[in-house]
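[1] have a look at this fold, sequence not included:
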């Protein structure tokens, strides 16, 4: 029986999906579904390829109520820049949630991952940051440093941005880009302690293996989203900070225990509060989020297959409405 | 930077890749590479979706010396036949082994899996079956019952085929198909014990959860390939048979322990011979295979990502030489 598969390129997808409130709401729905307990989300398949200085991750999740489920493949080959290619790329495949048939191939080269990752930061900020954020700080200077603050600005329209990174030039470039993209004043802050002290919202976006945010820097009315750690071996937040915060929230506990900030806190014997709440449980009201503007909150984002399923389903629905994409008969 | 991705449909792939000796040799190379110890093959990602009566498996392997590595997604949605769709389908994605960039999408609906699975049976028969096979038996009546005997015939040109299955009509249809496809006389055999007694080569191709081949049926000069078990819960060969055979061989020990016949033998306390040899170790001569025509051998095939990488790489190389496929700029 002839069927059609939709092919969407990165160019198509950049036209179809933006980092805006509808996208944040789609990703929020994925977190809400995670809290329902009916999502099927297996552990990440992760393959390290030492001979090619590469790694490949595969994520997936089946979410009730979504028409499709995505399988996302994210290769990272770290010698690519030497030959003028990006390290990170990949694609998503959308399958029918009812029949398992291939619906669409999303050749996004990692674009949808960038967007859904930043959108999760906005969901965290919406539910955990103080209601008023005047100054937002970012620790890190890469793509996510830019996108995380753009996403957070959708839900907490701060007017001042501070950027810290080990490389001053990169941090200044990041601040310039943010000042161009958002109605904010943005500048490099050479002291990360001062950055945290001045901010009501801080996002850490580094691949650090040793903490870049110290427990002693926490202060009343601060929310921190740590989104850099996605592998055992990475650690952005000093383990004592998790215990010191009024509220520590995981995107997915089973992943944060293995790949997130929680891993180090447990290993250091500094976590004794039992199972932390998940972001979806706070989105749906199953568990309590921030209860006052002066609390200290931390959200640990490792990246979930549920976000991939949500954004891929949304992208394909949008493509079909817009008549975008190449159809292949199979 | 604009790049091109090759899209190959099932129709393309059926023209490009056949179940023939070149294909068997490609799969044999994958097993040889597995024995080299340099292959990276992570555990299978397996997602059961009870609400949709479905499951999805993802397999992959990176093999030194191969230009690409495949990621294969195999959905099985078992309510599909009620609406006129096949239960099994899926696709493979071929990535560059050097850069991780997407090279090709193989929309094979499971065709390449069928072929590489049967080709592994031929590799097992080539290295483990007695040199002369006059009668081959098959237990099971599905697609693999047909393909396994076609593959085995490439390396052991038997002239008589016996088929047993629980459903006599299906077994007779399978025998008719095999008699049409191969220069053999093929017939339904109502007694599986008699089928095994008469055969020098038996392939089991069932999803059985209780053994369909009993230990007491083993006889001098028999080779059995068990290819049906690919999940914990399946069991085709009575556990005592593994211990009774002169040689028991895994496609991959780490998979057979979890998903293959070995799992039940270990659980029953009937396996005490340590780590079994792998098919690749016998292909490369690292371990000893059959040493005389009257030995009893059993090969346990659970299906490896290495086979997927091998056949996907071969299919794309063949497509490029033949100028087949649709190119998408991305």
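    Looks like it arrived, so ask away. Computed from a prediction, not measured in an experiment: that's the story for all the values here.
[2] looking at residue A:64 now. What's its pLDDT?
    Per-residue confidence (pLDDT) for residue A:64: 89.
[3] same question but for residue A:2, I mixed them up
    Confidence per residue is given as pLDDT, and for residue A:2 that number is 65.
[4] the one 4 residues further on too?
    Residue A:6 carries a pLDDT value of 96.
[5] so how far is residue A:320 from residue A:102?
    When CB to CB, to the nearest Å is applied, the distance between residue A:102 and residue A:320 equals 15 Å. (C-beta placed from N, C-alpha, C; glycine too.)
[6] neighbour count: the two, which is higher?
    Residue environment comparison for residue A:102 versus residue A:320 gives the larger neighbour count to residue A:102, 26 against 13, counting by other CB atoms under 10 Å in any protein chain shown.
[7] what are the phi and psi angles of the residue in the stretch 101-250 of chain A that chain B sits nearest to?
    Residue of the stretch 101-250 of chain A nearest chain B, by CB to the nearest CB: residue A:107 (4.6 Å). When quoted as degrees, to the nearest 10, the phi and psi of residue A:107 stand at phi -90, psi 70.
[8] how far away is it from residue A:50?
    Where residue A:50 is concerned, residue A:107 sits at a distance of 27 Å (CB to CB).
[9] apart from its chain neighbours, what residue comes closest to the residue of the stretch 101-250 of chain A closest to chain B?
    Sequence neighbours aside, residue B:330 is the residue nearest to residue A:107 in space, at 4.6 Å (criterion: CB to CB, 6 or more residues apart in numbering or on different chains).
[10] and the pLDDT for the closest residue in space to residue A:294 that isn't next to it in sequence?
    Closest residue in space to residue A:294, ignoring its immediate chain neighbours: residue A:220 at 4.3 Å, by CB to CB, 6+ apart. Reading off the per-residue confidence, residue A:220 sits at a pLDDT of 98.
[11] residue A:232 too?
    The predicted local confidence for residue A:232 is 80.
[12] what do you get for the one 5 residues further on?
    We have a pLDDT of 96 for residue A:237.
[13] can you pull the contacts of it?
    Contacts for residue A:237 (CB atoms under 8 Å, 6 or more residues apart in numbering or on different chains) come out as A:204, A:211, A:212, A:213, A:224, A:226, A:261, A:298, A:300.
[14] tell me the bridge partners for it.
    Beta-bridge pairing of residue A:237 under DSSP bridges involves residue A:213.
[15] tell me how many other residues crowd residue A:183.
    Residue A:183 has 9 neighbouring residues, counting by other CB under 10 Å.
[16] no wait, residue A:30
    By the other CB under 10 Å criterion, the neighbourhood of residue A:30 contains 29 residues.
[17] isn't it right up against residue A:312?
    No. With contact defined as CB atoms under 8 Å, residue A:30 does not count as touching residue A:312 (10.6 Å).
[18] now the angle from the strand of greatest length in chain A to strand B:68-77?
    Taking residue count as the measure and DSSP state E as the definition, the longest strand of chain A comes out as strand A:68-77. Strand A:68-77 and strand B:68-77 meet at an angle of 160 degrees, taking axes from the mean of the first three to the mean of the last three CA atoms, to 10 degrees as the criterion.
[19] packing partners of strand A:68-77?
    strand A:54-61, strand A:91-96, strand A:102-107, helix A:111-128, helix A:305-322, strand B:54-61, strand B:91-96 (3 or more CB pairs under 8 Å, 6 or more residues apart in numbering or on different chains; DSSP states H and E).
[20] so what's the residue nearest to residue A:281 when sequence neighbours are not counted up against?
    In space, not counting the residues next to it along the chain, residue A:281 is nearest to residue A:287; the distance is 4.1 Å by CB to CB, 6+ apart. With contacts defined as CB under 8 Å, 6+ apart, residue A:287 is in contact with A:277, A:278, A:281.
[21] go on, residue A:105?
    A:5, A:6, A:7, A:8, A:91, A:92, A:93, A:94, B:105.
[22] ok, those residues vs residue A:230, which is closest?
    The shortest approach to residue A:230 among the contacts of residue A:105 belongs to residue A:92, at 16.8 Å (CB to CB).
[23] check whether the closest one really touches residue A:70, as I assumed.
    Yes. The criterion here is CB under 8 Å, and residue A:92 meets it with residue A:70 at 4.8 Å.
[24] overlap in contacts, the two.
    When CB under 8 Å, 6+ apart defines a contact, the residues bordering residue A:92 and residue A:70 alike are A:106, A:308, A:312.
[25] where do the strands sit along chain A?
    Along chain A, the segments classed as strands by DSSP E run A:4-9, A:45-49, A:54-61, A:68-77, A:91-96, A:102-107, A:135-139, A:160-164, A:185-188, A:201-204, A:223-226, A:247-250, A:297-300, A:326-329.
[26] which residue does the stretch 201-330 of chain A bring closest to chain B?
    Closest residue of the stretch 201-330 of chain A to chain B, CB to the nearest CB: residue A:330 (4.6 Å).
[27] that residue: neighbour count?
    There are 21 residues near residue A:330, going by other CB under 10 Å.
[28] where's residue A:313 relative to residue A:28, distance?
    According to CB to CB, residue A:313 stands 14 Å off from residue A:28.
[29] tally of neighbours for the closest residue to residue A:314 other than its chain neighbours?
    By the measure of CB to CB, 6+ apart, the closest residue to residue A:314 outside its immediate chain neighbours is residue A:26, 4.6 Å from it. Residue crowding around residue A:26 was assessed by other CB under 10 Å; the count is 22.
[30] make sure residue A:26 is actually in contact with residue A:310.
    Yes. Residue A:26 is within contact range of residue A:310, at 5.1 Å (criterion: CB under 8 Å).
[31] can you pull the contacts of residue A:246?
    Applying CB under 8 Å, 6+ apart, one finds that residue A:246 lies in contact with A:290, A:295, A:296, A:297.
[32] can I get those in CSV with neighbour count, pLDDT and distance to chain B?
    Shown next, in CSV, are the contacts of residue A:246 (neighbours: other CB atoms under 10 Å in any protein chain shown; pLDDT from 0 to 100; distance: CB to the nearest CB, whole Å):
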residue, neighbour count, pLDDT, distance to chain B
A:290, 20, 96, 33
A:295, 17, 98, 37
A:296, 18, 98, 37
A:297, 25, 98, 32
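[33] from those residues, which two are the most distant?
    The farthest-apart pair in the contacts of residue A:246, when distances are taken by CB to CB, is A:290 and A:296, at 9.3 Å.
[34] mutual contacts of the two, please.
    Looking at what touches both residue A:290 and residue A:296 (by CB under 8 Å, 6+ apart), the common residues are A:223, A:246, A:247.
[35] leaving out sequence neighbours, find the closest residue to the first one.
    Distances taken as CB to CB, 6+ apart put residue A:129 closest to residue A:223, at 4.0 Å, once the chain neighbours are dropped.
[36] great, nothing more from me.
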